[in-house]
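1. Any chance you could fold what I've pasted below:
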Amino acid sequence: MWRFEEETVYIENLRLECIIGVHPEERERAQPLSISLSFPLDFKRAAATESLSETVDYSAVASSTREFASQGRFQLLETLARKLGVHLCQRFALPSIHITIRKPQAIADSGGAAVSLTVRGVGEDAR
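-> Numbers count the residues shown, from 1 in each chain. I've put the predicted structure just below:
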């Protein structure tokens, strides 16, 4: 008998561009971001049936992430991270999601800046 634990879906380094930043020049054109997502998911039914309808469509999560970020005009990575987390949890009925957003051009002579958070549903609004 086998027990399966910590079943998690990862989407790593999803590259996109969006208007983000507080400086005037950042408000004029889209900048590159890299977003990594991970969320717990019970694989049992999907693994047994090999049916996409029994899991979360990773491509749909990526598309939704791109669309959400590109349609928004955020000033802070922190704002984007929180709003994106809630959006994805609601859209895909996820109990939680971990998000890391990197802005590679944020700080000269560095690998950039990043924020990371985990969103968990609580109370009546959570699914």
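
2. Low-confidence stretches in the chain?
-> 123-127 (pLDDT under 70).

3. which residues of it fall in strands?
-> Ranges of strands in the chain, per DSSP state E, are 8-20, 31-40, 73-74, 96-103, 113-120.

4. Centre of the protein to the edge, which residue is at the far end?
-> residue 1 (34.5 Å; Cα atoms, centre = their mean).

5. Could you export the strands of the chain as TSV, including distance to residue 60 and mean neighbour count?
-> Any C-beta I mention is one placed from the backbone N, CA and C, and that applies to glycine too. Below are the strands of the chain laid out as TSV (distance: least, Cβ to Cβ, whole Å; neighbours: other Cβ atoms under 10 Å):
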stretch	distance to residue 60	mean neighbour count
strand 8-20	11	15
strand 31-40	12	18
strand 73-74	22	15
strand 96-103	14	20
strand 113-120	18	15
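
6. Count the neighbours of the nearest residue to residue 91 once chain neighbours are set aside for me.
-> Excluding the flanking residues, the one nearest residue 91 by Cβ to Cβ, 6 or more residues apart in numbering is residue 64, at 5.8 Å. By the criterion of other Cβ atoms under 10 Å, residue 64 has 16 neighbours.

7. which residues does residue 64 contact?
-> Residues in contact with residue 64 (Cβ atoms under 8 Å, 6 or more residues apart in numbering) are 87-88, 91-92.

8. on that earlier part again, please tell me how far the residue farthest from the centre of the chain sits from residue 54.
-> Taking Cβ to Cβ, to the nearest Å as the measure, residue 1 falls 22 Å from residue 54.

9. can you pull up the bridge partners for the closest residue to residue 12 other than its chain neighbours?
-> Leaving out its chain neighbours, the residue that sits closest to residue 12 by Cβ to Cβ, 6+ apart is residue 36, at 4.8 Å. For residue 36, the beta-bridge partners are residue 100 (DSSP bridges).

10. which ones are touching residue 36?
-> Residue 36 sits next to 10-14, 99-100, 102 when contact means Cβ under 8 Å, 6+ apart.
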